[in-house]
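In: Okay, predicted coordinates and the sequence, questions at the end:
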Amino acid sequence: MSGHSKFANIKHKKEKNDAAKGKIFTVIGREIAVAVKEGGADPANNSKLRDVIAKAKANNMPNDTIERGIKKAAGDANAVNYENVTYEGYGPNGVAIIVDALTDNKNRTAANVRSAFTKGGGNVGTPGCVSYSFDKKGQIIIDKEECDMDPDELMMVALDAGAEDFSEEEDSFEVLTDPDEFSAVREALEAAGIPMASAEVTMIPQTWVELTDEEAIKKMNRILDLLDADDDVQATYHNWDE
């Protein structure tokens, strides 16, 4: 692996999310609504919903909030229809950025995303302009402090469940899967009682860009903060080596 501390990034995100619980709950609430609409309200028959519920619990979303979200999505024929939209573009010094959004108003979301890029000195590009330099993978992060299983044993559980790769970082273990195998691998680890700090399908950069100029760093953070504050934005991926 690249030597990046994936877990440090996860913790950083968590701390930001703890300061803005409303945002992460909004994000997960929309994911629940989409999962229910696509596959029904019974998690036993809907692996996508099971994955979202696991994500919700990892972010300390209360069970009754999760259940309320599922019931609302299942029972409300007039529920908002969210569409998946992806934007790609560049930040300072050519940093590649991908933005995933779930929106009920594509014009509003496009304007907000474009504004975030512009205010940080970046620009939105055409579809596919940067995604070719990322790999879509299921990524599971396990905090070493939370897991007392022998690393070799942990690796075997992950690989036997269908994981593509297992690596050891300074403070964590990382399990990578094909996106189609993600649910099966996550559920196998869950069944084995392995605590997961993070489990999601994500975009992993093939190469990283360093920013050394203070102004460029400030601009990049501005883009990310503005995107993070937008309720329509579900996830932002980039290849800035923080």
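Out: That came through, no problem.
In: how about the strands in this protein?
Out: 83-90, 96-103, 123-124, 134-143, 165-168, 172-177, 198-205, 233-238 (DSSP state E).
In: mind putting those strands in JSON lines, mean neighbour count, distance to F25 and mean pLDDT included?
Out: From N, CA and C alone the C-beta is placed, and that goes for glycine too. Output for the strands of the chain, formatted as JSON lines (neighbours: other Cβ atoms under 10 Å; distance: least, Cβ to Cβ, whole Å; pLDDT from 0 to 100):
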{"stretch": "strand 83-90", "mean neighbour count": "17", "distance to F25": "19", "mean pLDDT": "96"}
{"stretch": "strand 96-103", "mean neighbour count": "23", "distance to F25": "14", "mean pLDDT": "96"}
{"stretch": "strand 123-124", "mean neighbour count": "16", "distance to F25": "27", "mean pLDDT": "97"}
{"stretch": "strand 134-143", "mean neighbour count": "19", "distance to F25": "21", "mean pLDDT": "95"}
{"stretch": "strand 165-168", "mean neighbour count": "15", "distance to F25": "31", "mean pLDDT": "94"}
{"stretch": "strand 172-177", "mean neighbour count": "23", "distance to F25": "25", "mean pLDDT": "95"}
{"stretch": "strand 198-205", "mean neighbour count": "20", "distance to F25": "16", "mean pLDDT": "93"}
{"stretch": "strand 233-238", "mean neighbour count": "20", "distance to F25": "13", "mean pLDDT": "94"}
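In: okay if I get those strands as TSV plus distance to V185?
Out: Shown next, in TSV, are these (distance: least, Cβ to Cβ, whole Å):
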stretch	distance to V185
strand 83-90	23
strand 96-103	21
strand 123-124	34
strand 134-143	7
strand 165-168	10
strand 172-177	5
strand 198-205	9
strand 233-238	20
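In: Ok, which of those comes nearest K23?
Out: With Cβ to Cβ, the closest approach to K23 among those belongs to strand 233-238: 9.1 Å.
In: The nearest residue to A235 once chain neighbours are set aside and I204, how far apart?
Out: Distances taken as Cβ to Cβ, 6 or more residues apart in numbering place D100 nearest to A235, at 4.6 Å, with adjacent residues excluded. Distance, D100 to I204, using Cβ to Cβ, to the nearest Å: 14 Å.
In: before we move on, back to that, look up which residues are beta-bridged to the residue nearest to A235.
Out: For D100, the beta-bridge partners are T86, A235 (DSSP bridges).
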